[in-house]
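In: Any chance you could fold what I've pasted below:
(one chain, ligands or ions: 1)
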Amino acid sequence: MKELIKVENVTTRFGDKLVHDGLNLTIHEGEIYGLLGPSGCGKTTLLREMVLLQDIAGGSIEILGKSLKNISEKDAQSLRYRWGVLFQFGALFSSLTIRENVALPLVEYTKLSKEMIDEIVRFKINLVGLKPEDSNLYPSEISGGMRKKAGLARALVMDPKLLFLDEPTSGLDPISAREFDNLILKLRKMLGLTIVMVSHDLHSIYNTLDKVAIIDNKKIVYEGTLQGLKSAKSDFIDAFFGDNRPLS
Ligand SMILES: Nc1ncnc2c1ncn2[C@@H]1O[C@H](COP(=O)(O)OP(=O)(O)OP(=O)(O)O)[C@@H](O)[C@H]1O
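Out: Residues are numbered from 1 along each chain as shown. Next comes the predicted model:
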């Protein structure tokens, strides 16, 4: 399988504080790949580094064959078109309807006609399981689960190859969370996406992930399948998965 993301020896600092001390991981095409680890270990930071929102102090990150180091603005922009991002607090604009929120990247970055944009937005809103009539509502008029779906529709509107999700099921009730897991699996299959996801939700982790990287004490302490976790040794892994480690 093709390597789409390669993180090599990445270090991250905020002032004096060292957050990542030489991370290495590889994400292949078609995978749903999870970043796990204790609170504050730098999962969101690593995701932000992958989408050019945060600089790294050392090492390298390569995405879709492009190194992010010293990347030109033109290359950066062409990469941004090829990934979709749904961050935990990646709020929708409250003054825009769901339809306008989802349409925004197309309005900003393409020269498509209004009719074409309407068509794409309708398709994406349907794809994530929102009803056509929901698209005229404002974010404050819909539930948290619907807002996540709307955010996902916006992340998918440019037909990305890669999707980055930061704790997509947090704040959802268990039924909506399982619905979201199924949606992620469906989208991977339908759209051939590669998905990188930060999660603390054990159900979601078991339902969706093919592979995980576990960050603890500034390093990757495990990278591999959930089945392989059975023999992995780390305090975080013991505490987080306990006796619920998946059977091989
Ligand atoms: N812009 C910033 N300036 C200073 N410190 C930061 C900044 N962003 C993150 N940090 C610090 O880096 C560390 C990692 O933060 P990050 O949000 O990536 O952790 P996380 O693993 O995603 O945590 P959680 O699971 O709680 O969301 C934390 O100690 C945080 O305080």
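
In: from what I can see Thr208 touches Asp201, true?
Out: No. Using Cβ atoms under 8 Å, Thr208 is not in contact with Asp201; the gap is 9.4 Å. Where C-beta positions appear, they are placed from N, C-alpha and C, glycine not excepted.

In: Longest helix of this structure, counting residues only.
Out: In the chain, taking DSSP state H as the definition, the longest helix is helix 174-191.

In: Point out the other elements, helices or strands, that it touches.
Out: Packing partners of helix 174-191 (3 or more Cβ pairs under 8 Å, 6 or more residues apart in numbering; DSSP states H and E): strand 32-36, helix 144-156, strand 194-198, helix 202-208.

In: List of residues touching the lowest-mean-pLDDT helix or strand in the chain?
Out: Using mean pLDDT, DSSP states H and E, the weakest-scoring helix or strand in the chain turns out to be helix 235-241, at a mean of 87. With Cβ atoms under 8 Å, 6 or more residues apart in numbering as the test, helix 235-241 has contacts from Leu36, Gly37, Pro38, Leu202, Ile214, Asp216, Val221, Tyr222, Leu229.

In: Check those one by one and keep those near the ligand.
Out: Contacts with the ligand within those, as defined by Cβ under 6 Å from any ligand atom: Gly37.

In: Among the contacts of helix 235-241, give me the pair with the biggest separation.
Out: Spatial extent of those (Cβ to Cβ) is set by the pair Leu202 and Val221 at 17.7 Å.

In: between those two, which one's more packed in?
Out: Using other Cβ atoms under 10 Å as the criterion, Leu202 and Val221 rank with Val221 on top: 19 against 13.

In: Check which helix or strand the more buried one maps to.
Out: For Val221, the host element (DSSP states H and E) is strand 219-224.

In: go on, Leu165?
Out: Taking DSSP H and E as the criterion, Leu165 maps to strand 162-166.

In: Tell me how far Leu35 lies from the ligand.
Out: Look at Leu35 and the ligand: by Cβ to the nearest ligand atom, to the nearest Å, they are 8 Å apart.

In: Quick check: Ile215 touching Gly42?
Out: Yes. At 6.0 Å, Ile215 counts as touching Gly42 under the criterion of Cβ under 8 Å.

In: hey, what's in contact with both of those two?
Out: His20.

In: how about the residues of this protein near the ligand?
Out: Contact residues, the chain versus the ligand (Cβ under 6 Å from any ligand atom): Phe14, Val19, Gly37, Ser39, Gly40, Cys41, Gly42, Lys43, Thr44, Thr45.

In: Good, wrapping up.
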